[in-house]
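**Q** got a sequence here, can you build the structure:
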Amino acid sequence: MSSTCKYFSILLVVLFGICLIRTFVIVNLSKKKLPKCSKNENHAFIEVDWKRWERFKDTLRMETISYEANEQNKDELKKLVEYIIQAHPTIFKSKHVQYEIVNGYSLLIHVQGRDKSLLPYLLAAHLDVVPVVEHEWSVDPFSAIENKDGTIVYGRGTLDDKGSLMAQLAALEYFLEIGLVPQRSFYIAHGHDEEISGYQGAKHIAATLKKKGVDRLHFVLDEGLVVTRGLFGSMNQDLALVGVTEKGIAFLNLSVEIHGGHSSMPAKETAIGIMSGAISRLQSNQMPGRIDNLMTEMLESLAPEIGFPTNIVLSNIWLFKPLLCWLLSNNQMLQGGVRTTTAVTIMRGGMKGNVIPSSASAIVNHRIHPWDSLDDVLQHDQRIINDDRVRITVLHESEPHPISPFSRSSSITYQLLTDTIEQIFDNVIIGPAALVANTDTRHYLTFSENIYRFNPMVLTKDEIASIHAKNERISRDNFEKMINFYFHLMINSDRTKLREITDKKGEL
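**A** Got it, this is the predicted structure:
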């Protein structure tokens, strides 16, 4: 017995030693970074002057709304496209640029590079916005009203996605104004119906590229995750999350139909009771979680900035994986990163207080993690509900996207993206993540394995909450960062070889 305790104690000491060494190596890893974007740079910092700011505000005043029923404000969309072309003569009259209006309202811009042997890349954004509930707003959502000192502008589309739209154009305009010609060609794609799945916009842009003989792209960058501030209370740095995949989505209708009757003579089970039991079992038995390579990379990127003893845990996920999986699975904000989530969003049943209904139904929304499929979700739900009287019907589904490369040392596309983030944003940690929302990238999946979803702006929790909600707004400083991000990305994307990013290896 004493020998067993002795060996167990030695094992614990060895494990603890390994954990400390790994923590020290990860925390103290020295990285080689590119020069920061600053106002001291020569032709490499773009200020948001009056012209750029006013053009952005002009686009916010156009009510380019997409509605749920696949209806759109086509007149406003047409006006926005015409305005973009008229307001940027440097771009649309350049000998290095070709453009076309796709399917009536989307815009595709082609910037010709010097080396046609290099694969082009694509930057995406969208022209349309979601509807507003005007009485919830404290300002007119389509008047581009600023705060008192002019540092913030309010309006639907400021964050989603006219900020990216106008920042890409401002960056390209400056790029051309100072006489730069890229080595690598690139496209800028502005779809007009992203908010209703992009089937008339981005899907037609993709078909247009195919007709031009473009069937492969170096990478695709669309809207997505942002630089978050204050997401973790113990972190002093901002966290830039790059979406390297999108979770899938499934809307399921659960229905029960049995004999109803008078409430004075209730059967042992009613349709509502059966449905309530099924829903209760689903909510109590969520799909299992796991820590995959994507979540491991993201958590390890946090380790240097998290205090003791959490940094030891995050630096040694190989040992603490079960604990982390349990903790994340029970966190409302973070559970989506480790599993497919289940949410009951609508329940229906009954029509009168003294009548037992013969039917009941519910809508269940799953956000499908990339390691699961729709079949996995359906099998799980059927097994957990375990009642043949509950019928499951798929109303809408979209499978998860493939996971793009996210190694800075082996993926040139992910490296140039993260390099650009570090150039623009101060004191930032970068990590890969799965995007819960959906973007136009669904229509570009066949063009490249390198598809990323990132909006270059710093947002607090409250600012993130304004997306698709009331009082959506963006700071002038964020708009400036976005322009400079896209400008530096255009420069960095000419890179054809990986660069060494560390002074020493961080693996143990």
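**Q** once you drop chain neighbours, what's closest to the residue nearest to the spatial centre of the chain?
**A** Among the residues of the chain, the one closest to the centroid is Gly224, at 2.8 Å (CA atoms, centre = their mean). Taking CB to CB, 6 or more residues apart in numbering, and ignoring the residues beside it in sequence, Gly224 has Arg453 as its nearest neighbour in space, at 2.4 Å. C-beta coordinates here come from the backbone N, C-alpha and C atoms, glycine included.
**Q** still on that earlier bit, against Trp326, how distant is the residue nearest to the centre of the chain?
**A** 28 Å (CB to CB, to the nearest Å).
**Q** what of Asp160?
**A** 34 Å.
**Q** between those two, which has more neighbouring residues?
**A** Asp160 (23 against 12; other CB atoms under 10 Å).
**Q** assess the claim that the more buried one and Ile467 are in contact.
**A** Yes. If you go by CB atoms under 8 Å, Asp160 and Ile467 touch, sitting 5.2 Å apart.
**Q** give me the number of residues near Gly179?
**A** Neighbours of Gly179 (other CB under 10 Å): 7.
**Q** for this structure, what spans make up the helices?
**A** 2-27, 50-60, 74-87, 89-92, 162-177, 202-211, 271-284, 293-302, 310-315, 317-329, 374-385, 412-424, 461-465, 476-492 (DSSP state H).
**Q** any idea which of those gets closest to His135?
**A** The closest of these to His135 is helix 461-465. By CB to CB, the value is 18.2 Å.
**Q** for the closest one, name the packing helices and strands.
**A** In this structure, helix 461-465 packs against strand 220-228, with contacts taken as 3 or more CB pairs under 8 Å, 6 or more residues apart in numbering; DSSP states H and E.
**Q** average pLDDT for the strand it packs on?
**A** Averaged across strand 220-228, pLDDT comes to 96.
**Q** and it, how far out from the chain's middle?
**A** The chain centre lies 5 Å from the centre of strand 220-228; the measure is CA atoms, centre = their mean, to the nearest Å.
**Q** quick one: that strand to helix 162-177, angle?
**A** 120 degrees (axes from the mean of the first three to the mean of the last three CA atoms, to 10 degrees).
**Q** CA atoms only for strand 220-228, dumped as CSV, please.
**A** Extracted C-alpha coordinates of strand 220-228, given in CSV (Å, rounded to 0.1, in the frame of the first residue of the first chain):
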residue,chain,number,x,y,z
VAL,A,220,-12.5,34.4,-48.7
LEU,A,221,-13.1,36.9,-45.9
ASP,A,222,-16.7,37.8,-44.9
GLU,A,223,-18.3,39.4,-41.9
GLY,A,224,-18.3,37.4,-38.6
LEU,A,225,-16.8,37.5,-35.2
VAL,A,226,-15.2,40.7,-33.8
VAL,A,227,-12.6,41.9,-31.3
THR,A,228,-14.4,41.6,-28.0
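**Q** ok, it: who's next to it in the sheet?
**A** On the basis of DSSP bridges, the sheet neighbours of strand 220-228 come out as strand 121-126 (parallel), strand 238-246 (antiparallel), strand 451-459 (parallel).
**Q** so the second one versus helix 293-302, what angle?
**A** What it means is strand 238-246. Angle, strand 238-246 to helix 293-302, by the same axes, to 10 degrees: 170 degrees.
**Q** over to the shortest one?
**A** Relative orientation of strand 121-126 versus helix 293-302 (the same axes, to 10 degrees): 90 degrees.
**Q** got a list of contacts for strand 121-126?
**A** If you take CB atoms under 8 Å, 6 or more residues apart in numbering as the criterion, strand 121-126 is touched by 161-162, 164-165, 168, 184, 186-195, 198, 201-202, 217-223, 439-441, 444, 447, 486, 489, 493.
**Q** number of nearby residues for Ile392?
**A** With other CB under 10 Å as criterion, Ile392 counts 15.
**Q** what's the distance between Ile188 and Ala271?
**A** 53 Å.
**Q** actually, Asp387.
**A** Taking CB to CB, one finds Asp387 at 12 Å from Ala271.
**Q** neighbours of Gly248, how many?
**A** For Gly248, the count of nearby residues is 21 (other CB under 10 Å).
**Q** residue ranges with poor pLDDT in the chain?
**A** Low-confidence segments of the chain (pLDDT under 70): 1-32, 39-43, 231-235, 305, 307, 503-508.
**Q** show me the domain layout of it.
**A** 50-238+451-492, 245-398 (automatic domain parsing).
**Q** can you give me the end-to-end distance of the last one?
**A** In other words, domain 245-398. This stretch, domain 245-398, spans 13 Å end to end (CA to CA, to the nearest Å).
**Q** next: the first one.
**A** Using CA to CA, the gap from the first to the last residue of domain 50-238+451-492 comes to 27 Å.
**Q** what's the closest of the helices of the chain to Tyr105?
**A** helix 74-87 (4.4 Å).
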